[in-house]
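*Asks:* Predicted model follows, preceded by the sequence.
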There are 2 protein chains.
Amino acid sequence: MPLRFVEPAAEYYRVPLTIRHLLDGVLTKAGDQRILYRDQVDLSYREFVGRVGRLASLLEAVGAKPGMTVAVMDWDSHRYLEAYFAVPMMGAVLQTVNIRLPQPQIAYTLQHAEAEILIVHRDFFPIVEALLPLLPQVKAIVAIMDNGFDAVPAWAVGEYEAMSAASSPDYPFEDFDENAVATTFYTSGTTGNPKGVCFTHRQLVLHTLAISAPFGASDAAPWIGVGDVYMPLTPMFHVHAWGFPYIATMLGLKQVYPGRYEPQTICALREIHRVSYSHCVPTVLEMVLNAAEDQGADLAGWKVTIGGSALTRNLLARGHAHGMLLGAAYGMSETCPVVAAAGRRGPPADVGEAGVPDALTLAGVSAPLVEVQIVDEDMNPVPHDGRTRGEVVLRSPWLTPLYTGDQTATAALWRGGWMHTQDIATMDPVGQVQIRDRLKDVVKTGGEWVDSLQLEEIVATGEGIAEAAVIAVPDAKWGERPLAVVVPTPGTIPTLDSINAPVDYAISQGLITRYARLDRFEVVDQLPRTSVGKIDKKRLRARHAEGASS
Amino acid sequence: MPLRFVEPAAEYYRVPLTIRHLLDGVLTKAGDQRILYRDQVDLSYREFVGRVGRLASLLEAVGAKPGMTVAVMDWDSHRYLEAYFAVPMMGAVLQTVNIRLPQPQIAYTLQHAEAEILIVHRDFFPIVEALLPLLPQVKAIVAIMDNGFDAVPAWAVGEYEAMSAASSPDYPFEDFDENAVATTFYTSGTTGNPKGVCFTHRQLVLHTLAISAPFGASDAAPWIGVGDVYMPLTPMFHVHAWGFPYIATMLGLKQVYPGRYEPQTICALREIHRVSYSHCVPTVLEMVLNAAEDQGADLAGWKVTIGGSALTRNLLARGHAHGMLLGAAYGMSETCPVVAAAGRRGPPADVGEAGVPDALTLAGVSAPLVEVQIVDEDMNPVPHDGRTRGEVVLRSPWLTPLYTGDQTATAALWRGGWMHTQDIATMDPVGQVQIRDRLKDVVKTGGEWVDSLQLEEIVATGEGIAEAAVIAVPDAKWGERPLAVVVPTPGTIPTLDSINAPVDYAISQGLITRYARLDRFEVVDQLPRTSVGKIDKKRLRARHAEGASS
């Protein structure tokens, strides 16, 4: 295409979209603004930027080079924020290590990412010591003592604070290609080894810019903005703490880093520093609500974005009762992560049974520069009627370009030029996405998709049912059929009719397709669960397959 | 630098930063949202996007090609918005013609930009007819009759609406290099021919993303956001209407285009459509306030960003009295334009004499990805003390890379790797920029910079002075000295002492340097003014130079 291009001025300064430039202008606006770590550290942005330089200098001194992986194992801290900037700004790749993975998987991710330098908090010294024999590529480990006065371990090159203080704040950061990789981390898949994703400087800068616009939020829905005091409640090893530390720093907000999550400390930090914006998974919100109720802590006016799993109406109502402003957002490891956020758009929101606007619990509307499609198995878009299910597929500048070193998974991820989320959802006429199920859990029967999650919720409301799970089982005629696995209440003997009673009602109300009517069920004493307490459908399916073949 | 790069999935979709992608996801969120033109047109976004395709199809049919310049001469309309998207999206360059320039300068800009296709509103037919002999390169002119029933002129290829209706909405827009030029227009300099600036797709997309973040705004200061109803009050030929039509469209806001600015129509549209966000120069705000006071129109809650020239405390107070939310922003033709906006950051704002926060009248704090420096003549940054003057120089991804076809001006614009604004300003410790003077008007005397604007304001407060202007005149000892040119009130004979009385007071209060004390003045009957009513300092300087040499 014969487009028009111009030759810029000889001295024109071309700004690449690199992490470094997120700091442009920040010191002039917020040089004296504060960045805090628990009750231990209180830095100005001026000091923070100096410490970013010091960290780069000390990493270079212990052998870090552009292109090398530098891994961090820490709780949420100012040091982690320093690494968010210093490591990519020097051209190296930041690996944010998921310290909740089983030890062998931590070893796997450090090996796979070829991490050559580690920055490790003392709480993880036992893990690192155990893993060291498996990590011959590691050149240097910087120890974070975090106000502990024990001796620095012999295998460490030194202590973070002491090394930082002895290093120059004037690291000569340079501009470079914005398509260089900035970060990498691993998804904790339920099958096989964790899969590595990575993000370039350009991707992170565009995510930061686009997500700092209040694209879904309104007065009723929370979002980050100027004037807020920010505290992350999503671990910084988890998808860039959803990108908000970059946004908060770019906007020059006051920031509070809570270290290891302790509900009482969180409530205290929130009150002392008037934290006004945070983000977390529902479990952490529940933890905070419990602690606040125990302590009588004030949560009023606290804006919290909820992601990771569904924000239920009950949890939303509980937060609202405390005067919190809650709203859901949507994303995953592969998406940097934010691609959508809930809000109230157009006419006043529906107020659900719990007395809160239902719209706030949805995955929400797409962010700027994000295209969300809900597609059927042949990649045809489904109607935006709020009812028809399909897989969420995405296009956006900030989606991981691959699973590192896994060509098969990479090809499946980007099949057909769209990133496949494996989430099953609906979209309503105003673009609000509602996540319904995981692709692997949905029951494809007679050309219809039945949400296992919805069906098991319906079954669980039945008389005499303590718990229920629904899985798909193969069926010669229908392709698949739903199988309900139920735990009855003591003394109850469920029948197909008793189990189908609430299902029939839901069908009669148009809430679920008639293909959801059960023709088989199993009774068990208890449902298998994963380490984080979710129903383990993989084990249920395996168990059923064994039973069927035996 | 040996950075890390990855090979994306074979089917990875790389999103270029082109105008086309500002529309990503908009139809899913806002397909039924409205775009209005006066009381004449009411479109859904779905129709609008179809019309963008139609416009591209019709332009192609009359000879438009990638790389070609398509010029628009229209009032603020949905058609202009269509051109904002369709022309760059097809790879062509949109020239937004300043229809307020003198006719020979309009001809010059059309020649210089090599505009081959024109889209012209009937109000400008006389101009175009007069200029046609001078524009041999023009291949086709599309006439906008705008509900007028006259015959389409013989020199036009057809009428916009008829041609649009007959064209396909399914223009095959493609992805292409984001560094292609998207728009061009001309600054109305006071000397010589207008200078052409241009902006690439990448620049416009980054401007749109970064400026949609509320980077300076707070509750007290206005900015655009989700839920707003948008109406431009800065002409769309003027620096992309400050970029807000792109932001409003990307966010899927309801938009109202007012056509030619008529204060009564503006007030009526504002009320009928509940317009909540606009932007304009102070003169338009005054016009609107006058009309509202005449009509008794309600302006309460209307957020308006003021730029172009200073938002005075008096005008701010007048707007506040109507319940408007006003705040200044800063930029120019060369800067896309927004680089800073006023707001209230940190502790509660100072409330000035007029009862409004002074901070709202400042140029404000820098936008994300913008670096503002205030430098002396040797390019050294001056202290951020709110007092020391220097020239505003900028770095950002969205500054014009050149003046088209003018190497000398281009080199001066980007001297030393920073874009020179020729604005004299101060910066305070929290990064708030206050514009003080134009570089060409400042008086450089004894190593100090004296603002001509500040000094003439002080002189004008003196007894017996009706009006005053201050210009720099050469001085062998001091380099330059200020010369006051005053218009006395009838019957008054000013003396150097009487003129210096308010200056001495200002010096004693530390408001202005002692180098500002006048040692010369001239008395005139009236001050020369430019066509827009500003004091014509160029003529004053020329007149004085003649007088001095004669």
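*Replies:* Sure, I can see it.

*Asks:* contacts, neighbours, all on C-alpha from now
*Replies:* Will do.

*Asks:* In chain A, where is pLDDT below threshold?
*Replies:* A:189-191, A:217-220, A:344-356, A:531-532, A:547-550 (pLDDT under 70).

*Asks:* element containing A:Val473, please.
*Replies:* strand A:465-475 (DSSP states H and E).

*Asks:* tell me what that strand is packed against?
*Replies:* strand A:443-445, helix A:452-460, strand A:479-488, helix A:537-549 (3 or more Cα pairs under 8 Å, 6 or more residues apart in numbering or on different chains; DSSP states H and E).

*Asks:* Report the buried residues of stretch A:411-421.
*Replies:* Using 16 or more other Cα atoms under 10 Å in any protein chain shown as the test for burial, stretch A:411-421 gives A:Ala411, A:Leu413, A:Trp414, A:Arg415, A:Gly417, A:Trp418, A:Met419, A:His420, A:Thr421.

*Asks:* Where strands are concerned, which of those residues count?
*Replies:* Residues of the buried residues of stretch A:411-421 located in strands (DSSP state E): A:Met419, A:His420, A:Thr421.

*Asks:* could you dump those to TSV with distance to chain B?
*Replies:* Below are those laid out as TSV (distance: Cα to the nearest Cα, whole Å):
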residue	distance to chain B
A:Met419	8
A:His420	11
A:Thr421	14
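
*Asks:* what's the neighbour count on the residue in the stretch 101-250 of chain A that chain B sits nearest to?
*Replies:* Chain B sits closest to A:Ala213 of the stretch 101-250 of chain A, with a gap of 4.2 Å, by Cα to the nearest Cα. Applying other Cα atoms under 10 Å in any protein chain shown, we find 27 residues neighbouring A:Ala213.

*Asks:* any idea which helix is longest in chain A?
*Replies:* The longest helix of chain A (DSSP state H) is helix A:45-61.

*Asks:* which other helices and strands contact that one?
*Replies:* Helix A:45-61 is packed against helix A:26-30, strand A:34-37, helix A:78-89, helix A:160-165, with contacts defined by 3+ Cα pairs under 8 Å, 6+ apart.

*Asks:* Mind listing residues that contact the last one?
*Replies:* Applying Cα atoms under 8 Å, 6 or more residues apart in numbering or on different chains, the external contacts of helix A:160-165 come out as A:Arg51, A:Arg54, A:Leu55, A:Leu58, A:Ile119, A:Val142, A:Ala143, A:Ile144, A:Met145.

*Asks:* Could you give the number of residues near the closest residue to the second one other than its chain neighbours?
*Replies:* Closest residue to A:Arg54 in three dimensions, ignoring its sequence neighbours and counting by Cα to Cα, 6 or more residues apart in numbering or on different chains: A:Pro169, at 4.3 Å. Taking other Cα under 10 Å as the criterion, the count of residues near A:Pro169 is 20.

*Asks:* A:Pro169 and A:Phe48 touch, don't they?
*Replies:* No - using Cα atoms under 8 Å, A:Pro169 is not in contact with A:Phe48; the gap is 9.8 Å.

*Asks:* follow-up on the earlier one: want to try a markdown table for the contacts of helix A:160-165, with neighbour count as columns?
*Replies:* Converted to a markdown table, the contacts of helix A:160-165 look like this (neighbours: other Cα atoms under 10 Å in any protein chain shown):
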| residue | neighbour count |
| --- | --- |
| A:Arg51 | 26 |
| A:Arg54 | 24 |
| A:Leu55 | 28 |
| A:Leu58 | 21 |
| A:Ile119 | 22 |
| A:Val142 | 24 |
| A:Ala143 | 24 |
| A:Ile144 | 24 |
| A:Met145 | 20 |
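
*Asks:* Dig out what A:Phe521 forms beta bridges with.
*Replies:* Per DSSP bridges, the residues bridged to A:Phe521 are A:Ala484.
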